[in-house]
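Peer 1: build me a model from this:
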Amino acid sequence: MSTTRPISLSRRRSQVFVSVPDSPYKTPRSRHDHPSTSNSPPSSSSLKENTPLRPSRTNSDLTTLTSMSSLGSPSLKRKLSMSGVVPEVVITTMPPKKKAKTASTTTQVAQVAPKKKSRVPTGDPVVLYSEKYPEGYFYCHQCNKQHSIHLAIRCTVVDGDDGHRCRARYCSRCLGSRYGQKFDEKISDDGSTLSKSEKAGHISDAGYYWKCPKCDGNCNCTKCRKLVGLPALGKIPQLAAQSTSKEPTKAKSQSKAKVSKDTKASTSKSTTSTKRLKAVVELPSPSKSKIAPAPKTKTVPKPKPLPKPLWTRLELLHPSHEVEDRIAIREFFLRFAHALGLQGRKNSINVDELEELEGGTLSSLLEGDDHNLAGWVSDSCVSSMIAGLLNAIASDHSVASLASLIRKAAHAIEQQGTNLTAVWATLESLEAEIESDVDFRFDLPEPLPAPASITQHNTRRAAKAPATNYHIACSAQLVPLVSYLIELTMSTPTIRDALDHDDARKEFSELARVAINQEKTNWQETKDTPKVKQNLKENRAKHKERLNDLEHSMHLVLQKFTHRFGPLGRDSEGRVYYALSPGKSETKAAEELIGGKVARVKLGRGKGGITLEDRKYMQRWSWFLAVKGDKPEGAVEAPREDETAEDLVNLGSESWWGFWDPIEIRKLAEWLEIKHGLSDGSAPATNGSLGPVNGSSSGKGKGKSVASRSTASTSVISQGREPSPLSDLSADESADTDDEEEDPIFALGKPTRKELHTLVKGLRQYADMLEWRVQRASAADDV
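Peer 2: Below is the predicted model:
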């Protein structure tokens, strides 16, 4: 290795340094190529401390190149080349970090920027319609499921932000299961417990005052709990069962305790920010002790004492199956008399006669006669009914070949009028002429027997009648015949058209709704006027009374459009409860009231109304509740004026009973509710066997039995529920007694809880309707 000689001082001084000016073009290297700088990289105020430099030529490189171009010494070149070695540097560029100041500013702006409010409709919620809910349905705020609009209760609180009514609606089921509130009590709350300042926060035209759980701050639905960061409750009984059955370990309890603290800290902020929502049901805390507390013993409320309604025995002179036949006939003609052409004609019938099922006793016609036969309607009324039914049968296409014969017989009966023996002879002749027809059977049931004294009293009158084996002395003998003709009429086009075409019902329903809405509108427009404010309490009571009249009138008139009639129901001991429809005069007065007229109910000829004595006597069956069956054990029975308590012991218990006072009917409903365990949810207590619910008509006289072919009281105008088979008993059990063979008993079994609930509800509704009817139709002395 050769050594280089040191450069002499003269040689050093002879070296020339050339200053290279900066380039006028801006390049990435131009800022580093200044000749006056040293080998260290130039400092820049814009660069950080650890920022890597870009590769560039140093000043020494420029100087060396310049000197090498002027000096030609090899040693100098070699020395300069060794001293000018620059290590190669690998530079990687990194993205610049975000400035903290910029990030904080963005966060600050995001926090300060107001949250955009979602547009919420402020009007009334829309009522939806479907095939399942033709009257409308809604979505419950709690369960978010479809329910009928009749089960909805909407909050009446006025929102302070926009001045509109709260839109939250809850169903009756969620209201009771989630919040322990009764739907019927809340929907009928008139705000009497609220102060004036509290009422100011509600709307006043809803008919009730109610603050929903959402506005009250205790809504526990999924959405409202999610807003405050709480989990959904799910099924509350299941959560309680899980908390008592599972015991968490120590490690789990400690870890869950930390989580619960963090959760409480996070939820406390959201709870204080909203200040409106709070959980009603607390979730079981896992941070508590492992041993579950002993369950609290529920205090069993004292059982309600059984009310004792007053049972009044009805004095009936004929068996129960005839009573039910007369009820069925009355309800049939009350519904279809107009369709049969028996209204507004010469031979029109007075339907009010059918309301007195007993009519009058024939003992009043004969002096000294000790044999009583229960009367019915007038002779002209029963003749008109038979003629109208025959004309309806003649309109059936299945008897087109016999139509002329049937119409001829109907015309003859109209001419015969009150001669019932002649009417029966005409029907026997018609039966003989139709006997040859194989497609249509016309088998007349035999009439009920008449007393011998009546036959002797009417022999002169009967001498002019055609020859017949029976003498018809009174209309009560023809009850089986009328029931049989009604059975034949039900399949005719006349009755089917009356059932199918409900235009009148729809028109009246619309008219009634318009009248009710008009009354509400008039009250809203006039309640703030000075004249009304002077006696606001009295005027509000009158407004409620008018609404009550309109609503009861609508329900009363709609009963005449009912397709089928039947009892209100039966209890577990076989008693059957009947509530007959109101009469024609009441229906007409209710229609006039809906039309805007002030009409008074007129009952009978020359009578201004029904008196208290009339109601106590219980002759008009539409003015009291009738019960068929045994008197309950320990029940209080009302003695008659000519009877004593000792006489009632020997009368027996199986009979018909009447309740004419609405107060006693409400007691009866409460007695049934407590006895069958409908109020506390327990199983109904049953004693005894069930009797027949709606017996068929059967003649116990000689000849053919009406029960074998006529079921007018069940199939003609029975209840909407289809009857069960005739009997579920075996052949041996059904042949125990002769009465069971003669009387077809409908073994429907024990009533269900739903049927018992329906019975109790129907009794209370009937009590309210009867109370309103009494106020409308009472005579001036009894008001």
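
Peer 1: C-alpha from now on. contacts and neighbour counts both.
Peer 2: Noted.

Peer 1: buried residues in stretch 520-534?
Peer 2: Residues of stretch 520-534 classed as buried: Lys520, Trp523 (neighbour count, 16 or more other CA atoms under 10 Å).

Peer 1: send the alpha carbons of it over as CSV?
Peer 2: In CSV, the C-alpha atoms belonging to stretch 520-534 read as follows (Å, rounded to 0.1, in the frame of the first residue of the first chain):
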residue,chain,number,x,y,z
LYS,A,520,-120.5,16.4,20.5
THR,A,521,-119.7,19.2,17.9
ASN,A,522,-122.5,21.4,19.3
TRP,A,523,-121.1,21.0,22.8
GLN,A,524,-117.6,21.9,21.7
GLU,A,525,-118.8,25.0,20.0
THR,A,526,-121.0,26.3,22.8
LYS,A,527,-119.3,25.2,26.0
ASP,A,528,-117.0,28.3,26.1
THR,A,529,-119.8,30.8,25.5
PRO,A,530,-120.8,33.0,28.4
LYS,A,531,-124.3,31.7,28.5
VAL,A,532,-123.2,28.1,29.0
LYS,A,533,-120.4,29.0,31.4
GLN,A,534,-122.9,30.5,33.8
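
Peer 1: run through who's touching it.
Peer 2: Asp205, Leu536, Asn539, His543 (CA atoms under 8 Å, 6 or more residues apart in numbering).

Peer 1: which of those count as buried?
Peer 2: With neighbours counted using 16+ other CA under 10 Å, those contain these buried positions: Asn539, His543.

Peer 1: the contacts of stretch 520-534 in helices, which ones?
Peer 2: In this view, those that belong to helices under DSSP state H are Leu536, Asn539, His543.

Peer 1: make a markdown table from those residues and add distance to His411 and pLDDT to it.
Peer 2: Below are those laid out as a markdown table (distance: CA to CA, whole Å; pLDDT from 0 to 100):
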| residue | distance to His411 | pLDDT |
| --- | --- | --- |
| Leu536 | 63 | 90 |
| Asn539 | 58 | 91 |
| His543 | 53 | 92 |
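
Peer 1: in JSON lines: those, plus distance to Gln765.
Peer 2: Shown next, in JSON lines, are the ones in helices among the contacts of stretch 520-534 (distance: CA to CA, whole Å):
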{"residue": "Leu536", "distance to Gln765": "30"}
{"residue": "Asn539", "distance to Gln765": "26"}
{"residue": "His543", "distance to Gln765": "22"}
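
Peer 1: per-domain residue ranges of this protein.
Peer 2: As given by automatic domain parsing, the domain ranges for the chain are 137-274, 320-500, 502-564, 566-690+750-777.

Peer 1: who wins for proximity to Thr299 among those?
Peer 2: If you check each of the domains of the chain against Thr299 by CA to CA, domain 566-690+750-777 wins as the nearest, at 13.7 Å.

Peer 1: which SSE is Val323 in?
Peer 2: In the assignment (DSSP states H and E), Val323 maps to helix 320-336.

Peer 1: tell me the angle of the helix or strand just after that helix relative to helix 320-336?
Peer 2: Remark: after helix 320-336, the chain's next helix or strand is helix 379-394, criterion DSSP H and E. Calculated by axes from the mean of the first three to the mean of the last three CA atoms, to 10 degrees, helix 379-394 forms an angle of 70 degrees with helix 320-336.

Peer 1: okay, now the unreliable bits of the stretch 501-650 of the chain?
Peer 2: Within the stretch 501-650 of the chain, the stretches with pLDDT under 70 are 501, 599-600, 602-608, 640-650.

Peer 1: oh sorry, the question was meant for the stretch 351-500 of the chain
Peer 2: Ranges of the stretch 351-500 of the chain meeting pLDDT under 70: 359-374, 397, 436-439, 451-467.

Peer 1: chain neighbours aside, what residue packs nearest to Cys381?
Peer 2: Leaving out its chain neighbours, the residue that sits closest to Cys381 by CA to CA, 6 or more residues apart in numbering is Ile349, at 5.3 Å.

Peer 1: so what's the residue count around that neighbour?
Peer 2: The local packing of Ile349 (other CA atoms under 10 Å) involves 24 other residues.

Peer 1: roughly how far does it sit from Arg564?
Peer 2: 21 Å (CA to CA, to the nearest Å).

Peer 1: what of Gly176?
Peer 2: Remark: distance between Gly176 and Arg564 (CA to CA) = 35 Å.

Peer 1: which residue of those two possesses the greater neighbour count?
Peer 2: Neighbour totals were compared for Gly176 and Arg564, and Arg564 leads with 18 against 12 (other CA under 10 Å).

Peer 1: part of a strand, is that one?
Peer 2: No. Secondary structure of Arg564 (DSSP: H, G, I helix; E, B strand; the rest coil): coil, not part of a strand.

Peer 1: what's the spacing between it and Arg764?
Peer 2: 21 Å.

Peer 1: repeat that for Asn218.
Peer 2: Asn218 sits 35 Å away from Arg764, going by CA to CA.

Peer 1: kindly report the same for Arg173.
Peer 2: Using CA to CA, Arg173 is found at 22 Å from Arg764.

Peer 1: how about Leu427?
Peer 2: According to CA to CA, Leu427 stands 45 Å off from Arg764.

Peer 1: can you put the contacts of stretch 520-534 in TSV and add distance to Ser679?
Peer 2: Below are the contacts of stretch 520-534 laid out as TSV (distance: CA to CA, whole Å):
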residue	distance to Ser679
Asp205	32
Leu536	38
Asn539	37
His543	34
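
Peer 1: any idea which of the contacts of stretch 520-534 is closest to Gly595?
Peer 2: Nearest to Gly595 out of the contacts of stretch 520-534 is His543 (CA to CA; 17.0 Å).

Peer 1: now that closest one, nearest residue through space, not along the chain?
Peer 2: In space, His543 is closest to Trp523, 7.1 Å off (CA to CA, 6+ apart).

Peer 1: ditto for Leu354
Peer 2: Distances taken as CA to CA, 6+ apart put Arg330 closest to Leu354, at 5.4 Å, once the chain neighbours are dropped.

Peer 1: hang on, isn't the one you found packed against Val351?
Peer 2: Yes. In this structure Arg330 lies within contact range of Val351 using CA atoms under 8 Å: 7.5 Å.

Peer 1: beta partners of the spatially closest residue to Pro567 that is not a sequence neighbour?
Peer 2: Using CA to CA, 6+ apart and skipping the chain neighbours, the partner closest in space to Pro567 is Tyr578 (4.6 Å). Beta-bridge pairing of Tyr578 under DSSP bridges involves Ala626.

Peer 1: I'd say Tyr578 and Leu568 touch.
Peer 2: Yes. Judged on CA under 8 Å, Tyr578 makes contact with Leu568 at a distance of 5.8 Å.

Peer 1: mutual contacts of those two, please.
Peer 2: Residues touching both Tyr578 and Leu568 (CA under 8 Å, 6+ apart): none.

Peer 1: now the strands for the stretch 501-650 of the chain?
Peer 2: Assigned by DSSP state E, counting those that start in this stretch, the stretch 501-650 of the chain shows strands spanning 569-570, 576-578, 625-630, 636-637.

Peer 1: nothing else from me, thank you.
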